[in-house]
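Colleague: When you get a sec, could you give me coordinates for this:
(chains A and B)
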Amino acid sequence: MTAPHSITDLRLLRFVSVLGMIPLADVAEFVDIEDFDPAALFDAGGECFAVQSLLGQDVLVLTPTGRAAATTALTDFLAGATGVVRDRIPELLTEFEIVDPACKIAVSEFQRARSAVSAQAVLDFHLGVAGLLRGIVEIWPLWQHYQRMFDYAVRMITEGNHDYVASPRCRSYHTLWHAIHFELRTVSAELQGIGS
Amino acid sequence: MTVHRFWPEPDRTHGSKGYFLEFLRAAGYPVPAFRVLDRDGVAAVEDLRTRVTEFATAIATEAAGQQGIPSDSVSFAVRSSGQRSMPGMMDTVLCVGLTETNLSALEARLGSTQAAFDALIKATRDFCVLVGGVDPLLVHAASASSEDGPSQVASMRALFETSTGIVFPLDPAEQLAMAVEAVVASWGSVRARSYRDRHAIPDAAGPCVVIQAMIHGTAQLTSGSGVVFSHDPLTGERRMTGEYVERSTGEGIVSGTVTPLDVSTLQAADVAVFAELEHLVERLHQNLTRMVEIEFVVERNVLWLVQVRPAVGDAQVTNAIAIDSWRSGMIETDEMFRRLSADALFSSTSARTYRGGGRLLGTGIPASNGVASGIVVVDMAEAAVCVGEDIVLLRETTEPRDFPAMVSSVALVTLTGGASSHAAVVARELGIPAVVGVTFNDLQWLESATGARVTVFGTTGEVWLGDIETEVAGTDDFPHAILDGAHTRTAIVGSLREIEARGAEILRTNDLALGISAGPEIVVATTDTDLAEQRTAVGGRVAFLCSEGPPMQRWRAVLPAHPTEYVVPADEVQVPYIRVRLLVEAAHREDYL
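Modeller: Numbers count the residues shown, from 1 in each chain, chains lettered A, B, ... in the order given. Predicted coordinates:
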């Protein structure tokens, strides 16, 4: 991954910085390039490396250089953000945190019952917040891939694959929810720092 | 055999403790004389003195006849009796009504001048602290600064009067009325309110009060008190287990302020009393068909049961006891299934309960079951260098990026967050114990926690220093005998072809409208629980196609809420679980074949 970074590179760096690691096998799907060769990531930039996780998967993690690049991506974004965007992000965080407890309750209820009914309750919750999520992911190009991942998780749950409710082993609804929440909080905190 | 439904109906007459005492008395168990002051009686403050005077006279007369003791040696234990038991949460006042005028009779009864005077000292101390609300440290100081027994009593009474502005009552009925009011008032204590919050007990219900003739476990010969269970509460194994303290009144065990010995020490002191206790415990279990907890007192080689209450184990313990009761012929097959938790029956058992040793570091919200010991790490970098070690991840809170460390951990501990927090949800998915929102007792320890070895009890919400001895519950072997001859209306078939072989026409669909409108002779095969439930509700034929269970629980299957004509497992390993689920649900519907 050599400079200058493409949007795809930056999305990947940012996403790995939020999740800590992602399976190497998912990288090609993530960057949305057919026949993508993950080895290309390690050629020159030194920002990522592959290790085998305790789950037995080959995963991609960031080097300190990679983490710095992910932070720089955020700084660059904020430097170029309009006043409207800077005002809107804290509002989105507030709106998100209003519905956050309901998400946690729905997921916890699902874990207790592990039934189609309790999985449906998570889908029902999503229906109510889909507009909010869309508003969030559209505000920064580096977040736009979340839309596709949320859609995929919802589709999997609808089709009866309940791992996509809460399992940390896949990009489940719960994982994505916390990831985008973390991003919102990080950016809002950074904005407050800029403003002060 | 008489089988009693275990939980009393909520009423204003007895409360839970009073209900079981009435049961013990009616069934001929050795219970000290008692009366129950119902909630109306508790509320009628103007009549309280009159009522308790009547009760005191009746109990003293009855106890004298029952125990062969002088009636003026009788004092009283005053306990709350709520609709649900709150062990250790409400105040109990002992030896109420005891004054110098009773001492010679009590001395003759107990066989010891010292024991009689000790009872008076205890009566005075309890009255000062629990009824007068006097600071226990001041009471202790007043008592300790006195040279002899009479001076101790006099000092404590003087302290009571200066602290409360009330003359220390020497009339037994007046003491009793004040003790009743104090016990009722303890319903509003912080610890009692907190317990009710945690256990969803309504605040408004209020307690009844049990007034019972005092049995003195401090007497001469074999005397003491203890608490026993009909089963091992950690494993469900049917054997009397419990604790005993010689020369004690028992409240220390209940409140956890004394260190008791195993109940087998009673056997060494008096074989006959121990054998009688074992016999009564087994008889109680057979009467009530559940695990029971019994508080007993021995006074001069005579055994008395002063309280009995239902003992609640976790789902695996409840399963073990239900199956054992069924095997013993105490309960019918349908009742056994009604008591079973199918999920707990198939979940692998794991060590999960504190057994002894160590130092309690902190407590929090039990978020994910199980017990694990490991080395504390607080971040990813530390986790990375602990390859091959069992690590316990300790964080303020967790985020998705902590997942690599979380998946490497044997347990999670967080300082903030609740049962729905990220750490809690992920721990449950990973199947590792977690305690969240932990308050540590020693903040200095917390600051240098890295590298310390701890044990995390995800079921009880405790974090202990070091490797703690634990107890493994239940049996890992599935009790196949419970399925012998048990049938439900649902047929479990290996594939749709088996249904077709029976001549049925099959429509495979998840389309709600199509599935419901299909002809009555058609078997609709679906993975959709809603469709299955709605078609079944209108009498339609359904074959429910199960999805595979999650990787760690391949035996689990999601089933519709109402039984379908057929169930087709996705995996053969699901068949026993599906059978038990169907039988449990049929038993609850009283639709058991």
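
Colleague: tell me the mean pLDDT over the helix or strand harbouring residue A:157?
Modeller: Following DSSP states H and E, one finds residue A:157 within helix A:145-158. Helix A:145-158 carries an average pLDDT of 93.

Colleague: Give me the buried positions along it.
Modeller: Residues of helix A:145-158 classed as buried by neighbour count (16 or more other Cβ atoms under 10 Å in any protein chain shown): A:145, A:146, A:149, A:150, A:152, A:153, A:154, A:156, A:157. Every residue, glycine included, has its C-beta placed from N, CA and C.

Colleague: which one of those residues sits closest to residue B:454?
Modeller: The nearest member of these to residue B:454, counting by Cβ to Cβ, is residue A:153 at 34.9 Å.

Colleague: pLDDT score for the residue lying closest to residue B:549 once chain neighbours are set aside?
Modeller: Among residues not flanking residue B:549 along the chain, residue B:556 sits closest, at 3.8 Å (Cβ to Cβ, 6 or more residues apart in numbering or on different chains). Confidence at residue B:556, expressed as pLDDT, is 88.

Colleague: what about residue B:556, how many neighbours?
Modeller: By other Cβ atoms under 10 Å in any protein chain shown, 22 other residues sit near residue B:556.

Colleague: so it touches residue B:574, yeah?
Modeller: Yes: under the criterion of Cβ atoms under 8 Å, residue B:556 makes contact with residue B:574 at 7.3 Å.

Colleague: between these two, what contacts are shared?
Modeller: residue B:549 (Cβ atoms under 8 Å, 6 or more residues apart in numbering or on different chains).

Colleague: Kindly state the pLDDT recorded for residue B:255?
Modeller: At residue B:255, pLDDT is 46.

Colleague: One more: residue A:6?
Modeller: With respect to pLDDT, residue A:6 has a value of 70.

Colleague: and what of residue A:111?
Modeller: Looking at residue A:111, its pLDDT reads 82.

Colleague: quick one, what contacts it?
Modeller: Contacts for residue A:111 (Cβ under 8 Å, 6+ apart) come out as A:166, B:425, B:428, B:429.

Colleague: which residues sit against the particular helix or strand that has the last one in it?
Modeller: In the assignment (DSSP H and E), residue B:429 maps to helix B:422-430. Taking Cβ under 8 Å, 6+ apart as the criterion, the residues outside helix B:422-430 that touch it are A:104, A:107-108, A:111, A:166-169, A:174, A:178, B:365, B:367-368, B:395, B:397-400, B:403, B:406-407, B:411-412, B:414, B:417-418, B:433-434, B:436, B:458.

Colleague: quick one: which helix or strand includes residue B:212?
Modeller: Residue B:212 is part of strand B:208-213, with elements assigned from DSSP H and E.

Colleague: quick one: stretch B:282-294 to chain centroid distance?
Modeller: 15 Å (Cα atoms, centre = their mean, to the nearest Å).

Colleague: What are the contacting residues of that stretch?
Modeller: B:1-4, B:6, B:27, B:29, B:227-231, B:233, B:236, B:238, B:240, B:242, B:280-281, B:305, B:307-313, B:317, B:321, B:325, B:330-331.

Colleague: Give me the mean pLDDT for that stretch.
Modeller: Stretch B:282-294 comes out at a mean pLDDT of 90.

Colleague: Tell me, how many residues neighbour residue B:367?
Modeller: 27.

Colleague: hang on, I meant residue B:590
Modeller: Around residue B:590 there are 8 residues (other Cβ under 10 Å).

Colleague: On the pLDDT front, check it for me.
Modeller: The predicted structure lists residue B:590 with a pLDDT of 70.

Colleague: Looks like it contacts residue B:334 (just checking).
Modeller: Yes: if you go by Cβ under 8 Å, residue B:590 and residue B:334 touch, sitting 7.5 Å apart.

Colleague: what touches both of the two?
Modeller: In contact with both residue B:590 and residue B:334: no residue, using Cβ under 8 Å, 6+ apart.

Colleague: Helices of chain A, residue ranges please.
Modeller: All helices of chain A, identified by DSSP state H, fall at A:7-19, A:24-31, A:64-80, A:83-113, A:116-137, A:145-158, A:163-166, A:173-195.

Colleague: Need the residues that contact the shortest one.
Modeller: In this case it means helix A:163-166. Applying Cβ under 8 Å, 6+ apart, the external contacts of helix A:163-166 come out as A:107, A:110-111, A:119, A:122, A:152-154, A:156-157, A:169-175, B:425-426, B:428-429, B:550.

Colleague: now that helix, how far from the centre of its chain.
Modeller: The chain centroid and the centroid of helix A:163-166 are separated by 15 Å under Cα atoms, centre = their mean.

Colleague: same deal with the third one?
Modeller: Using Cα atoms, centre = their mean, we find the averaged C-alpha position of helix A:64-80 to lie 16 Å away from the chain's own average C-alpha position.

Colleague: The last one now?
Modeller: Put simply, helix A:173-195 sits 10 Å off its chain's centre (Cα atoms, centre = their mean).
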